[in-house]
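Engineer: structural data only, the sequence is not supplied:
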């Protein structure tokens, strides 16, 4: 169960508060990003000490995080509009699949701008896919993430080899030549 610290509770009851999200991408070289329009210097339980979360402002957004009492797969899509070559290169060149992602929310004192309490973890998941879409105006990099139940409902499939086929159908020889290399198959021609 997540609980807000007393300082945060006091600040949000004022009906005017400032908050932003901090995103930690657990890549080979970790990235620390903020949805604020200014860099945020703080530490989280998983950041390995004080980090500077780089401001991304309106260029970073993600779908809402939904919590429920039942076990289910939560997906969050993170989008970088106006993406720099840094984000495009991550998707094109780096091994990003199955890397961790954490999203924290942090609140600021409206008078002083100081961070109130410690950031609250609102989402933890794994990167399960990515895409890059380019237009004449900008590049958009999207990371698809899922919580730790992302392969919970996956049905293990059969392989297309003779051994797997014979397990279910002992007399079937349909995949007997499935591992043989064929140079060219001419479909529909003699």
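Structural biologist: Good, I have the coordinates. Note that the coordinates shown come from a computational prediction; the quantities given were computed from them, not determined experimentally.

Engineer: for stretch 74-86, measure first residue to last.
Structural biologist: Counting by Cα to Cα, to the nearest Å, you get 27 Å between the two ends of stretch 74-86.

Engineer: buried residues, it. List them.
Structural biologist: 74, 76, 78, 79, 80, 81, 83 (16 or more other Cβ atoms under 10 Å). Glycine gets a C-beta too; all of them are placed from N, C-alpha and C.

Engineer: nearest residue to the first one other than its sequence neighbours?
Structural biologist: Right, the one you point to is residue 74. Distance criterion Cβ to Cβ, 6 or more residues apart in numbering; nearest residue to residue 74, sequence neighbours excluded, is residue 147 at 4.5 Å.

Engineer: could I get the average pLDDT for the longest strand seen in the chain?
Structural biologist: If you go by DSSP state E, the chain has its longest strand at strand 115-134. Strand 115-134 carries an average pLDDT of 85.

Engineer: and what of stretch 29-37?
Structural biologist: On average, stretch 29-37 scores 88.

Engineer: in the protein, which residue is most central in space?
Structural biologist: The centroid of the chain falls nearest to residue 145 when counting by Cα atoms, centre = their mean (3.3 Å).

Engineer: which non-adjacent residue is nearest that one?
Structural biologist: residue 125 (4.2 Å).

Engineer: before we move on, the earlier item: looking at the buried residues of stretch 74-86, which one is closest to residue 39?
Structural biologist: residue 80 (16.7 Å; Cβ to Cβ).

Engineer: what lines up beside the helix or strand in which that closest one is found in the sheet?
Structural biologist: Residue 80 belongs to strand 75-81 when assigned by DSSP states H and E. Neighbouring strands of strand 75-81 in its sheet, by DSSP bridges, are strand 60-62 (antiparallel), strand 139-146 (antiparallel).
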